[in-house]
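Undergrad: I would like to see how this sequence folds:
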Amino acid sequence: MRFEGKVALVTGAATGIGAATAVAFGAEGASVVLSDVNQSALDESAGEIQTAGGQALAVLADASRAADAQRTVAEAVAAFGGIDYLVASAGIQTYGTAVDTDEDTWDRTLAVNAKGVYLAAKYCIPEMVKRGGGAIVNVASVQGLFSQPNVAAYSASKGAVIAMTRTMAIDHAGDNIRANSLCPGSVDTPMLRASAELFSPGNPNGALQEWGGLHTLGRIAQPEEMAQVALFLCSDAASFVTGAAIVADGGLTIRL
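TA: This is a model prediction of the structure:
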């Protein structure tokens, strides 16, 4: 197993990409620390790892709060001895232009999506240094790279993640820490399904099918597909990959 004896911390691990990534790490031998604000779903994800024979610790935490981020890392170290990998997946989707996005929505979007990534790295990196290095994957979005309408705060937050990840890669290369951002297209998560219901009330599957048709592969992704990209970026197979924004979008952006 690729990650036997290693420790992975995954934020936003209750559902979607984060949950799939946590479960995939567990299946590959890692001890997994899962954090999220959704206690019941978080426990379900951790339970899936444990039922399969893996080690998992669920920590109820708000990614945007420094005290929660610091506590999550402290609990990870207490339980498993350190941290080797961080996948910062916590995020929220909001809609609106710069004009009609209210300030509270702007602040919350940037707090979870960008500040949450910063806080996770801030407290994880010193623990990685103690273990001789590690790898970070920050989940961004193609909306941080390419322009789409009506997502002013969301695209700003994901663009910030991509830029911050590049800086992390430079700042911590000497510590043997690699950092990359993962930029998915549309992924079949509760967040995307909530968006589909918003845009197509009563027929969310129709919206999902329409959005899938925009991708060259003709469908939206499954969270497990993004998890495998994240695990690759953490693995030794990606030992010369750092500072990259990895686009895993089923060919969405090549058609823009």
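
Undergrad: how far out from the middle of the chain is stretch 130-138?
TA: 15 Å (CA atoms, centre = their mean, to the nearest Å).

Undergrad: cool, stretch 147-155 as well?
TA: 18 Å.

Undergrad: for the protein, what spans make up the helices?
TA: Secondary structure of the chain (DSSP state H): helices located at 16-27, 39-51, 66-80, 103-110, 116-130, 152-171, 190-199, 204-213, 223-234.

Undergrad: Tell me which of these is the most buried.
TA: helix 16-27 (a mean of 27; mean count of other CB atoms under 10 Å). Bear in mind the C-beta positions are built from the backbone N, C-alpha and C, glycine included.

Undergrad: Can you give the contact residues for that one?
TA: 1, 3, 8, 10-13, 32, 34, 36, 41, 45-46, 48-49, 52, 54-56, 85, 87, 89-90, 139, 184, 187, 189-191, 222-224, 226-228, 230-231 (CB atoms under 8 Å, 6 or more residues apart in numbering).

Undergrad: Could you report the separation of Leu42 from Val77?
TA: In this structure, Leu42 and Val77 are 19 Å apart, going by CB to CB, to the nearest Å.

Undergrad: swap that for Ala221, sorry
TA: 33 Å.

Undergrad: what does Ala61 give?
TA: In terms of CB to CB, Ala61 sits 15 Å off from Val77.

Undergrad: The residue nearest to Asn150 when sequence neighbours are not counted: neighbour count?
TA: Setting aside the residues directly before and after it, Asn150 is nearest to Tyr95 in space (CB to CB, 6 or more residues apart in numbering), at 5.3 Å. Tyr95 is flanked by 17 other residues according to other CB atoms under 10 Å.

Undergrad: Would you agree Tyr95 is in contact with Ser155?
TA: No: contact status for Tyr95 versus Ser155: not in contact, 10.6 Å apart, counting by CB atoms under 8 Å.

Undergrad: Now do stretch 175-187, average pLDDT.
TA: When pLDDT is averaged along stretch 175-187, the result is 98.

Undergrad: Only C-alpha atoms, please: export that stretch in PDB.
TA: C-alpha atoms of stretch 175-187 as PDB (Å, rounded to 0.1, in the frame of the first residue of the first chain):
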ATOM      1  CA  ASP A 175      11.600  21.500   3.800                       C
ATOM      2  CA  ASN A 176      11.000  18.700   1.300                       C
ATOM      3  CA  ILE A 177       7.300  19.700   1.100                       C
ATOM      4  CA  ARG A 178       5.500  19.700  -2.200                       C
ATOM      5  CA  ALA A 179       2.300  21.700  -2.700                       C
ATOM      6  CA  ASN A 180      -0.100  21.500  -5.600                       C
ATOM      7  CA  SER A 181      -3.600  22.600  -6.300                       C
ATOM      8  CA  LEU A 182      -6.300  20.400  -7.800                       C
ATOM      9  CA  CYS A 183      -8.700  22.100 -10.100                       C
ATOM     10  CA  PRO A 184     -11.800  20.000 -10.900                       C
ATOM     11  CA  GLY A 185     -14.600  20.700 -13.300                       C
ATOM     12  CA  SER A 186     -18.100  19.600 -12.200                       C
ATOM     13  CA  VAL A 187     -18.100  16.800  -9.700                       C
END
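
Undergrad: buried residues in that stretch?
TA: Ile177, Arg178, Ala179, Asn180, Ser181, Leu182, Cys183, Pro184, Gly185, Ser186, Val187 (16 or more other CB atoms under 10 Å).

Undergrad: Pick out the most distant pair among those.
TA: Ile177 and Ser186 (30.3 Å; CB to CB).

Undergrad: residue nearest the centroid of this structure?
TA: For the chain, Ser89 is the residue whose C-alpha lies nearest the centre (CA atoms, centre = their mean; 1.9 Å).

Undergrad: what's the weakest-modelled helix or strand in this structure?
TA: Within the chain, no helix or strand scores below helix 190-199, which has a mean of 86 by mean pLDDT, DSSP states H and E.
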